[in-house]
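Novice: quick one: sequence plus predicted model below, questions after.
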Amino acid sequence: MHRKSAHFLFLAVLGMLVIGIVMLFSTSAFARDAHGDVYFFIKRQAIWLGIGLTACIAATLVDYHFWQRTWWLWFVVALGTLALCFVPHLGMRINGSRRWVGAGPITFQPSEIAKIAAVFFLAWWFARFEKRSANLIYGFAVPLIFVALVVSLIITEVDLGTTALIGATTFVIMFVAGTNSILLGTLSAGGLVGLLCVASWMPERMSRLLAFMHPENYKQDAGLQQMQALIAWGSGGMEGLGLGNGRQKMLYLPYAHTDFIFPMIGEELGLRVSLLVIFLFIVIIVCGMMIALHAKDRFGLLLGCGLVSLLALQAALNIGVTTSLLPNKGLPLPFISYGGSNLAACLFGIGILLNIYRQAKLEPESKTRVAMQARVTPRI
């Protein structure tokens, strides 16, 4: 399986990109901010796709240990770009959140850089202090302090979805690294309580929680998107209404081309293609973890696990939201939703995984197996 994991990973990502472009072509023409150009979002996504593919190729060719040596640089860049969100005329406030930085037609989300930078740091830290992973200070307190620097800026933007995503990815990396299980349990419980407390202080986020628990009472405001998404699922059925024949995208379902593109797949292409999308994500997760587990060193293992966790958890959150299993979070579906900076970040992560695979192929198989077993041995 490991020998072909990179091939299956590549094919799964390619399939996602094709579905994404097709569905964006079908849905984006009806968006409110298309500026009268039916190809507006297609052209912008094509540009970002080119940037993402370039980043993917570069990451595939560059030895992944380069990110180990320069983690601090990307961490500083992440903090700097996140701070720009609060600078007048650079930071953009959209729908009550300051998540974007823009200059003219160029806009991007600094949180995408922050997610990758956090994974770089955690992988470097636990590779550097491997023997102290179970220690309270080195294996728990210090890495959380560094991650908290990034998360504090993101949560100030009012982006609870990305905050939860980085927090969950941090939990996965620390678990794989061998952090004390009791401390991790405390961390997960504290993080959940903290997010609920923050959400309760923000009227808009609290309304989303109430809409999730009582959708019928909020179907005209906070629960509108999820109610319309359920209608899209019901309309599509098993076969779908046909590509381009969806009705919810016609200004009934807000952001049908971004966060809620998955219900549009269900409405137009049916349950079968929706399940195909989920299957492709499973392929990416399995192949990505196989690549990470066969990495030639501890940094590669933790880096690969972190990148796969980012993709898997973001996909799970988006699918959970669009099927009304989770409160609305505002996270795009990787490789499919419209969103240039997220697409570029996801493809960059895939490129790093492919480089980890290439580097592992240079190692003798027996040595790799012994090293892998030693690295995944839990430390309690």
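Specialist: Noted; the coordinates are in hand.

Novice: wait, what's in contact with the most centrally placed residue in the chain?
Specialist: Nearest residue to the geometric centre of the chain (Cα atoms, centre = their mean): Gln314, 3.9 Å. If you count contacts by Cβ atoms under 8 Å, 6 or more residues apart in numbering, Gln314 has them with 165, 331-334. In short, each C-beta sits where N, CA and C put it, glycine included.

Novice: with Trp67 instead?
Specialist: Counting by Cβ under 8 Å, 6+ apart, Trp67 has contacts 74, 120, 303, 352.

Novice: and it, what element?
Specialist: helix 65-69 (DSSP states H and E).

Novice: tally of neighbours for Ser324?
Specialist: By other Cβ atoms under 10 Å, the residues close to Ser324 number 19.

Novice: so Gln68 sits against Trp125, correct?
Specialist: No - counting by Cβ atoms under 8 Å, Gln68 stays clear of Trp125, with 10.4 Å between them.

Novice: neighbour count for those two, which is higher?
Specialist: For Gln68 versus Trp125, the count of surrounding residues by other Cβ under 10 Å is larger for Trp125: 24 against 17.

Novice: can I assume the more buried one is in contact with Leu144?
Specialist: No - using Cβ under 8 Å as the test, Trp125 is too far from Leu144 to be in contact (10.6 Å).

Novice: would you format the contacts of Trp67 as TSV with secondary structure and neighbour count included?
Specialist: Shown next, in TSV, are those (DSSP: H, G, I helix; E, B strand; the rest coil; neighbours: other Cβ atoms under 10 Å):
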residue	secondary structure	neighbour count
Trp74	helix	18
Phe120	helix	26
Leu303	helix	30
Ile352	helix	26
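
Novice: identify the residues contacting Ala256.
Specialist: 27, 30-31, 248-249, 263-264.

Novice: 7 Å instead?
Specialist: Neighbour list for Ala256: 27, 248-249, 264 [criterion: Cβ atoms under 7 Å, 6 or more residues apart in numbering].

Novice: go through the helix or strand harbouring the residue nearest to the centre of the chain and flag the buried ones.
Specialist: Here Gln314 sits within helix 298-322, counting by DSSP H and E. Neighbour-count burial for helix 298-322 flags 298-319, 321-322 (criterion: 16 or more other Cβ atoms under 10 Å).

Novice: which residue is the nearest non-sequential neighbour of Val77?
Specialist: Ile113 (6.2 Å; Cβ to Cβ, 6 or more residues apart in numbering).

Novice: so that neighbour sits in a helix?
Specialist: Yes - assessed by DSSP: H, G, I helix; E, B strand; the rest coil, Ile113 belongs to a helix.

Novice: surely Leu53 meets Leu347?
Specialist: Yes - between Leu53 and Leu347 there is a contact under Cβ atoms under 7 Å: 6.2 Å.

Novice: more crowded one of these two?
Specialist: Leu347 (23 against 17).

Novice: the more buried one - nearest residue in space that isn't next to it in sequence?
Specialist: Here the residue nearest Leu347, using Cβ to Cβ, 6+ apart, is Gly52, at 3.6 Å.

Novice: does the one you found sit in a helix, a strand or a coil?
Specialist: helix.

Novice: thinking it is in contact with Leu343, fair?
Specialist: Yes - counting by Cβ under 7 Å, Leu343 is a contact partner of Gly52 at 5.1 Å.

Novice: the lengthiest strand in the chain pairs with which strands, parallel or anti?
Specialist: Assignment by DSSP state E gives strand 97-103 as the longest strand of the chain. The sheet places strand 97-103 alongside strand 91-94 (antiparallel), strand 106-108 (antiparallel), with pairing taken from DSSP bridges.

Novice: among those strands, which is nearest Val283?
Specialist: strand 106-108 (28.2 Å; Cβ to Cβ).

Novice: pLDDT (mean, whole number) over the closest one?
Specialist: On average, the pLDDT along strand 106-108 is 81.

Novice: with stretch 184-194 instead?
Specialist: pLDDT averaged over stretch 184-194 gives 82.

Novice: same check on stretch 78-98?
Specialist: Rounded mean pLDDT across stretch 78-98 is 83.

Novice: centre of the chain to that stretch, how far?
Specialist: 20 Å (Cα atoms, centre = their mean, to the nearest Å).

Novice: on that earlier part again, farthest-apart pair in the contacts of Gln314, please.
Specialist: Longest span within the contacts of Gln314, Cβ to Cβ: Leu165 and Leu333, 13.0 Å.

Novice: and the two? Which one has more around it.
Specialist: Neighbours per residue (other Cβ under 10 Å) separate Leu165 from Leu333, with Leu333 holding more: 28 against 23.

Novice: tell me if that one really is in a helix.
Specialist: No - using three-state DSSP, the assignment for Leu333 is coil, not a helix.

Novice: that one: what's it in contact with?
Specialist: Leu333 sits in contact with 261-262, 315, 318, where contact means Cβ under 7 Å, 6+ apart.
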